[in-house]
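K.L.:
quick one: sequence plus predicted model below, questions after.
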Amino acid sequence: MLKKLLYEPLLHFLVLGGLLFLFYSFSQHNEDVENRIVISKERIEQLTSNWEKKFFRAPTTKEKQEMIDKEIYQTVLYKEALKIGLEKNDADIKRHLVTKMEFVTYDTYELPTPSDEVLKKFMLEHPEKYREEEKISFTQNMMGSDTTHFETSYTLTAFEADNIFGRSFSEVLFSLKIDGEVHKIESEYGVHEVLVKDKLIGKLKAFNVVKEKLQNDYLSAQRERQNKTIYKALKSQYSIIIEEK
């Protein structure tokens, strides 16, 4: 009996008809969802809040309706653009979505405020960022001048020497040793005869002076490390194939 039913044309027709009905229902449901636009209460509240922040007042009834109409207008065109694939291979859209995804993924979690002990440890691990600038004390005069002895003395950081004498002069100056010898250094002003008197090595600044910068730097470093961990986890979900050129 069962075997006979399997070969019954009517049964085949009913099964096929049922499958077609299910497929049509599923397609119709997807189309209904795709073509449905819902402007939620939460979205209207968000639009209203954005308006109030911009204009420092609540919108009128007319202005509120215009906001909703604009939201509908943008949603309709957005959905139509997706239907014909306008978002594909568009560098501007890709860049915009990447920026939004970075914000959603990376910038929405809070990092705990580090203790002073943690910050002091971070400071010692990166001393070059929190030292007082190195300074050099020297006297100089221009070659060919009537001055027989060095009258002009300076104590400068590299940045200050750059601004006064130029980058090339500063680089050579800070490479000199305290050896009691007169060295000739060129600048845009001419040739200088320079005698180095002292070199002051920068020491770590007081913790209280740099605490705010330390905290910002530490949190930035922690966030960067956390972001890399998050990205690594996201990337691991994808099979990546790089075709040879």
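P.N.:
Here it is on my side, so go on.
K.L.:
how is this protein partitioned into domains?
P.N.:
41-88, 94-130+210-232, 133-200 (automatic domain parsing).
K.L.:
of these, give the one that comes closest to Tyr238.
P.N.:
For the domains of the chain, proximity to Tyr238 was assessed by C-beta to C-beta; domain 94-130+210-232 is nearest, at 11.4 Å. Every C-beta, even on glycine, is put in place using the N, C-alpha and C of the backbone.
K.L.:
straight-line length of that closest one, end to end?
P.N.:
One end of domain 94-130+210-232 to the other measures 20 Å (C-alpha to C-alpha, to the nearest Å).
K.L.:
run through who's touching the longest strand anywhere in the chain.
P.N.:
Criterion DSSP state E: the longest strand present in the chain is strand 190-200. Strand 190-200 has contacts (C-beta atoms under 8 Å, 6 or more residues apart in numbering) with 134-144, 150, 153, 155, 165, 169, 173, 176-186.
K.L.:
what about the helices in this structure?
P.N.:
2-6, 9-34, 41-55, 61-83, 91-106, 116-125, 158-165, 167-175, 207-235 (DSSP state H).
K.L.:
for those, which has the smallest mean pLDDT value?
P.N.:
Note on the helices of the chain: lowest mean pLDDT is at helix 2-6, with a mean of 46.
K.L.:
please identify the most buried of the domains of the chain.
P.N.:
domain 133-200 (a mean of 14; mean count of other C-beta atoms under 10 Å).
K.L.:
can you give me how far that domain is from the chain middle?
P.N.:
The chain centroid and the centroid of domain 133-200 are separated by 41 Å under C-alpha atoms, centre = their mean, to the nearest Å.
K.L.:
hmm, back to that, nearest to Ser239, of the domains of the chain?
P.N.:
domain 94-130+210-232 (15.2 Å).
K.L.:
grab the most central residue of this structure for me.
P.N.:
Centroid-nearest residue in the chain: Glu102, 8.1 Å away (criterion: C-alpha atoms, centre = their mean).
K.L.:
quick one on the thing from earlier: quick one: the longest strand of the chain to helix 158-165, angle?
P.N.:
Here strand 190-200 runs at an angle of 160 degrees relative to helix 158-165 (axes from the mean of the first three to the mean of the last three C-alpha atoms, to 10 degrees).
K.L.:
list the neighbouring strands of strand 190-200 plus their orientation.
P.N.:
strand 135-142 (antiparallel), strand 182-187 (antiparallel) (DSSP bridges).
K.L.:
CSV for those, including distance to Asp107 and mean pLDDT?
P.N.:
As requested, the strands paired with strand 190-200 are exported to CSV (distance: least, C-beta to C-beta, whole Å; pLDDT from 0 to 100):
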stretch, distance to Asp107, mean pLDDT
strand 135-142, 40, 87
strand 182-187, 47, 90
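K.L.:
can I get the ones you listed in CSV with distance to Lys129?
P.N.:
Formatted as CSV, the strands paired with strand 190-200 follow (distance: least, C-beta to C-beta, whole Å):
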stretch, distance to Lys129
strand 135-142, 18
strand 182-187, 29
